[in-house]
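Trainee: Model the following, please.
(2 chains)
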Amino acid sequence: GQNIDQPTEMTATEGAIVQINCTYQTSGFNGLFWYQQHAGEAPTFLSYNVLDGLEEKGRFSSFLSRSKGYSYLLLKELQMKDSASYLCAVPIRGYNKLIFGAGTRLAVHP
Amino acid sequence: DVKVTQSSRYLVKRTGEKVFLECVQDMDHENMFWYRQDPGLGLRLIYFSYDVKMKEKGDIPEGYSVSREKKERFSLILESASTNQTSMYLCASSPGTEEKLFFGSGTQLSVL
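Mentor: Down below sits the predicted model:
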């Protein structure tokens, strides 16, 4: 079966750094996606990791450890607009579908 | 940019009504998906389609059906709406296997 776990809520201060963790258990792992979703809006793609290690994309970085079934999203220099839900998702090997975690709601305070 | 358009942003229906949710994508994507999103449960896959007239059940297909007569259009049908189908419905498309999804802006359906 598949299982994806993320913390439900996190808070952080503007200008700080926050790390959002995601652990997963899947059969036939083949990469991990991160999406951002602002309240009332559609999810938008942030990153896709298929190899172990850290991938940096501006203020956002994503890390993957396949052996540990673990990923994190690192947000630097937090801005108020980063207040959103962050969803991690894994594709099911051989199928054209993603399984999503329940999402982490991040609140950034001044 | 890929555009995925859902026909309605908000819908209010009565219990027992037949409900159609329409989704159109403009980038010739092979795959289309219907998810529902509920607080604390995240996105759950209802149905997906990898080709015209092809469909596969997702994790929660009960009470729903789908139609894909043309590549760009994927419809979700609630045969007899019930109050537990009140939810945000998100359509998505992707070009191929294990590629990122592009989402529509969602339809908030309330069944009274």
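Trainee: Mind pulling the model confidence for A:Lys97?
Mentor: pLDDT, A:Lys97: 75.
Trainee: Now do it: how many residues are near it, please.
Mentor: A:Lys97 has 22 neighbours, counted by other C-beta atoms under 10 Å in any protein chain shown. C-beta: built from backbone N, CA, C; applies to glycine.
Trainee: can I assume it is in contact with B:Tyr47?
Mentor: No: in this structure, A:Lys97 is not within contact of B:Tyr47 by C-beta atoms under 8 Å, at 9.9 Å.
Trainee: Chain A: strands as residue ranges?
Mentor: A:3-5, A:9-13, A:18-25, A:32-37, A:44-49, A:53-57, A:60-65, A:70-75, A:84-91, A:98-100, A:104-109 (DSSP state E).
Trainee: ranking those by burial, who's on top?
Mentor: Neighbour counts (mean count of other C-beta atoms under 10 Å in any protein chain shown) averaged over each of the strands of chain A peak at strand A:84-91, with a mean of 25.
Trainee: that older thread, please name whichever of the strands of chain A is nearest to B:Ala81.
Mentor: Closest to B:Ala81 of these, according to C-beta to C-beta: strand A:98-100, at 24.1 Å.
Trainee: what packs against the lowest-mean-pLDDT helix or strand in chain A?
Mentor: Sorting the helices and strands of chain A by mean pLDDT, DSSP states H and E puts strand A:98-100 at the bottom, at a mean of 87. Packing contacts for strand A:98-100, counted by 3 or more C-beta pairs under 8 Å, 6 or more residues apart in numbering or on different chains; DSSP states H and E, involve strand A:84-91, strand B:42-49.
Trainee: shared neighbours, A:Lys97 and B:Tyr47?
Mentor: B:Phe33, B:Gly58 (C-beta atoms under 8 Å, 6 or more residues apart in numbering or on different chains).
Trainee: re earlier: what are the pairing partners of the least confident helix or strand of chain A, and which direction each?
Mentor: Sheet pairing of strand A:98-100 (DSSP bridges) gives strand A:84-91 (antiparallel).
Trainee: so the partner strand versus strand A:32-37, what angle?
Mentor: 150 degrees (axes from the mean of the first three to the mean of the last three C-alpha atoms, to 10 degrees).
Trainee: So what touches strand A:84-91?
Mentor: Contacts for strand A:84-91 (C-beta under 8 Å, 6+ apart): A:2, A:4, A:6, A:20, A:22, A:24, A:26, A:29-39, A:43, A:46, A:71, A:73, A:97-101, A:103-106, B:42-43, B:97-98.
Trainee: how does it look with 7 Å?
Mentor: A:4, A:6, A:20, A:22, A:24, A:26, A:29-38, A:43, A:71, A:73, A:97-101, A:103-106, B:42, B:98 (C-beta atoms under 7 Å, 6 or more residues apart in numbering or on different chains).
Trainee: Format the helices and strands packed on strand A:98-100 as TSV; extra columns: distance to B:Glu69.
Mentor: Formatted as TSV, the helices and strands packed on strand A:98-100 follow (distance: least, C-beta to C-beta, whole Å):
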stretch	distance to B:Glu69
strand A:84-91	26
strand B:42-49	11
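Trainee: Quick one: closest of these to A:Thr13.
Mentor: Closest among those, using C-beta to C-beta: strand A:84-91, at 15.9 Å.
Trainee: Contact residues of chain B facing chain A?
Mentor: Residues of chain B lying close to chain A (C-beta under 7 Å from any C-beta of the partner chain) are B:31, B:33, B:40-43, B:45, B:48, B:50, B:58, B:90, B:94, B:97-98, B:100-101, B:103-106.
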